[in-house]
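**Q** Whatever this is, show me its structure:
(chains A, B, C and D)
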Protein chains: 2
Amino acid sequence: MPRVTDAHRQARRDQIAQAALRVLKRNGVSDTSLAQIADECGLSIGAIYVNFENKADLARFIATRLFAWRIEELDGLAEGGAVRTPAELMRPLLASMFDENRPPLPVILQFWSKALVDPELHAVLAEQVDALRGSLERALRPWADGCSAGEGAALASRVAQTCLIMAQGFLANRSLFGWMSAEQYLDAVLAAFGPAPLGVSAKG
Amino acid sequence: MPRVTDAHRQARRDQIAQAALRVLKRNGVSDTSLAQIADECGLSIGAIYVNFENKADLARFIATRLFAWRIEELDGLAEGGAVRTPAELMRPLLASMFDENRPPLPVILQFWSKALVDPELHAVLAEQVDALRGSLERALRPWADGCSAGEGAALASRVAQTCLIMAQGFLANRSLFGWMSAEQYLDAVLAAFGPAPLGVSAKG
DNA sequence: ACCTGAACACCGTTCAAGT
DNA sequence: ACCTGAACACCGTTCAAGT
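**A** As a prediction, this is how the structure comes out:
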């Protein structure tokens, strides 16, 4: 009867992962022990090892199940071939970070750090961010083709990566220092690199 | 004779911190034990505790001594009141990340993560990044005043923060995925948000 | 004054023993 | 088939004992 066992196993894995995420939010990634997770989900330490290979495997499961970005919105914006500028697409990208079903930003930053020394966790995060990059690239394609008809694909690819790098910076800064809101960030990017200096029309 | 003792103490602290950084580069922050550091510098674990309060205190010392950014270049660019655009100042800012006297970028990212759960380490990093932000803000002032005479100070402050957030993103992405060089990043930022779409003049 | 290394409480991991 | 909890090697930290 493997089906019953599999369902039970999936439920156990979700139960443990959800409990682990609650402890992670409270105590930080490196200060969370398996004993705390076992207490939180009402099981023993051994039960965690029945359902996961080890602590790193549990971390990968959490990253796979809970870190997946909602990319439907970006895909939706791309439909119909409407021309959306990078600035217009950055807005939903940054807003998606604050989705309440997502782990808090500091937890994500701590997983980035773990991925630097855990190749398998790195692969999980790389796959997720690449899916996000692909959606952004598709959504940018009409704008990119308008900029340079022949090189639209290459431009969309480069700019999609760049928008994600800028979003990574926002996530890190928001977690560590909280200098700005997403709206202030976008406004300042346009003021710094945008077409016309802000305030010129008002001042002169 | 406290002077002899103090000099000896400083030398010991530097000896231990340099050894610790070598192990950090090899093994990552969380996989480096005090036993490894003691072996690397030829002392015992107890000797580390003679010279540092604990492991977190050693980490703070490393961050203070070795993470200080070279801001003289930015200050030099600001002298004489020359107008430098954000894009022009981003170049030396990103280049400074690859100074060979600085710890590698992945080590810095791991310290960011540690700072999220260590308020004293967070204060050290916040002080350093704020000094960098101040230099950038001064260097941006002529440009900002040119954009909007009355609001130059506020604009320079906002844009300095924004450039640092974008640099944070570059550091994180470079450490994790290495998508782009600094030059490619700047080019793509200008293509995405800059005044004229690239390639228009060439394409017609 | 400075250093050592054994001792302590904890961690992740394993595994014989239970149900 | 699933779970428990004691055992193990390790970690950061302390401290009596050395020089």
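
**Q** and stretch A:41-60, anywhere near DNA strand C?
**A** Yes: using Cβ under 7 Å from any atom of the strand, stretch A:41-60 reaches DNA strand C at A:45-46, A:49, A:54-56. For every residue, glycine as well, the C-beta is placed using N, CA and C.

**Q** Can you tell me what sits against that stretch?
**A** Residues external to stretch A:41-60 that are found in contact with it (Cβ atoms under 8 Å, 6 or more residues apart in numbering or on different chains): A:9, A:12-13, A:15-20, A:34-35, A:37-38, A:61, A:111, A:114, A:118, A:120-121, A:124.

**Q** Check stretch A:65-81 too.
**A** Against stretch A:65-81 from outside (Cβ under 8 Å, 6+ apart): A:14, A:17, A:21, A:84, A:89, A:92-93, A:96, A:99, A:102-103, A:108, A:111, A:124-125, A:128, A:131-132, A:135-136, A:138-139, A:141-142.

**Q** give me that answer again for 6 Å
**A** Stretch A:65-81 is contacted by residues A:84, A:92, A:96, A:103, A:132, A:135-136, A:138-139, A:142 when judged by Cβ atoms under 6 Å, 6 or more residues apart in numbering or on different chains.

**Q** Can you report phi and psi for A:Gly152?
**A** With angles defined as degrees, to the nearest 10, A:Gly152 sits at phi -60, psi -40.

**Q** Distance check, it against chain B.
**A** 9 Å (Cβ to the nearest Cβ, to the nearest Å).

**Q** on that earlier part again, mind putting the residues of stretch A:41-60 next to DNA strand C into a markdown table with pLDDT?
**A** A markdown table is the format used below for the residues of stretch A:41-60 next to DNA strand C (pLDDT from 0 to 100):
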| residue | pLDDT |
| --- | --- |
| A:Ile45 | 95 |
| A:Gly46 | 94 |
| A:Tyr49 | 96 |
| A:Asn54 | 95 |
| A:Lys55 | 96 |
| A:Ala56 | 95 |
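
**Q** would you turn those residues into CSV with secondary structure and distance to B:Ala78?
**A** Shown next, in CSV, are the residues of stretch A:41-60 next to DNA strand C (DSSP: H, G, I helix; E, B strand; the rest coil; distance: Cβ to Cβ, whole Å):
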residue, secondary structure, distance to B:Ala78
A:Ile45, helix, 57
A:Gly46, helix, 61
A:Tyr49, helix, 58
A:Asn54, coil, 52
A:Lys55, helix, 48
A:Ala56, helix, 47
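
**Q** Farthest-apart pair in those residues, please.
**A** Greatest spatial distance in the residues of stretch A:41-60 next to DNA strand C: A:Gly46 and A:Ala56, 17.4 Å, computed using Cβ to Cβ.

**Q** of those two, who's got more company?
**A** Using other Cβ atoms under 10 Å in any protein chain shown, the more surrounded residue of A:Gly46 and A:Ala56 is A:Ala56, with 14 against 9.

**Q** quick one, phi psi at the nearest residue to A:Val29 once chain neighbours are set aside?
**A** Take A:Val29 and drop its neighbours on the chain: the residue closest to it by Cβ to Cβ, 6 or more residues apart in numbering or on different chains is A:Gln110, 3.9 Å away. A:Gln110 adopts backbone torsions of phi -70, psi -30, taken as degrees, to the nearest 10.

**Q** buried stuff in the longest helix belonging to chain A?
**A** In chain A, ranked by residue count with DSSP state H as the criterion, the top helix is helix A:119-147. For helix A:119-147, burial by neighbour count (16 or more other Cβ atoms under 10 Å in any protein chain shown) applies to A:121-122, A:124-125, A:128-129, A:132-133, A:135-145, A:147.

**Q** For it, enumerate the helices and strands it packs against.
**A** helix A:55-66, helix A:72-78, helix A:105-115, helix A:152-176 (3 or more Cβ pairs under 6 Å, 6 or more residues apart in numbering or on different chains; DSSP states H and E).

**Q** TSV for those, including distance to DNA strand D?
**A** TSV is the format used below for these (distance: least, Cβ to the nearest atom of the strand, whole Å):
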stretch	distance to DNA strand D
helix A:55-66	13
helix A:72-78	34
helix A:105-115	16
helix A:152-176	22
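
**Q** rank those helices by pLDDT, which is bottom?
**A** Ranked on mean pLDDT, the bottom entry among these is helix A:72-78, at a mean of 78.

**Q** can you tell me how far the spatially most central residue of chain A sits from DNA strand C?
**A** Geometric centre of chain A, nearest residue: A:Trp69, 5.2 Å, by Cα atoms, centre = their mean. As judged by Cβ to the nearest atom of the strand, to the nearest Å, A:Trp69 and DNA strand C stand 27 Å apart.

**Q** mean confidence for stretch A:24-42?
**A** 92.

**Q** Can you check the distance spanned by it, start to finish?
**A** End-to-end distance for stretch A:24-42: 16 Å, by Cα to Cα, to the nearest Å.

**Q** now it, how far from the chain's geometric center?
**A** How far stretch A:24-42 lies from its chain's middle: 22 Å, per Cα atoms, centre = their mean, to the nearest Å.

**Q** Pull out the buried residues from it.
**A** Using 16+ other Cβ under 10 Å as the test for burial, stretch A:24-42 gives A:24, A:28-30, A:32, A:34, A:36-38, A:40-41.

**Q** Closest residue of chain A to chain B?
**A** Nearest residue of chain A to chain B: A:Gly169, at 2.5 Å (Cβ to the nearest Cβ).

**Q** So that residue sits against B:Cys163, correct?
**A** No: A:Gly169 lies out of contact with B:Cys163 (Cβ atoms under 6 Å); the separation is 9.8 Å.

**Q** hang on, the earlier thing: check the buried residues of stretch A:24-42 and tell me the two furthest apart.
**A** A:Ser30 and A:Cys41 (19.8 Å).

**Q** got the domain boundaries for chain A?
**A** Annotated domains of chain A cover A:6-54, A:68-193 [automatic domain parsing].

**Q** Kindly compare burial across these and name the winner.
**A** The highest average neighbour count among these, using mean count of other Cβ atoms under 10 Å in any protein chain shown, belongs to domain A:68-193 at a mean of 18.

**Q** now the helix or strand where A:Arg22 lies against helix A:105-115, angle please.
**A** According to DSSP states H and E, A:Arg22 maps onto helix A:2-27. Interaxial angle of helix A:2-27 relative to helix A:105-115 (axes from the mean of the first three to the mean of the last three Cα atoms, to 10 degrees): 110 degrees.

**Q** roughly how far out does helix A:2-27 sit from the chain middle?
**A** Helix A:2-27 sits 21 Å away from the centroid of its parent chain (Cα atoms, centre = their mean).
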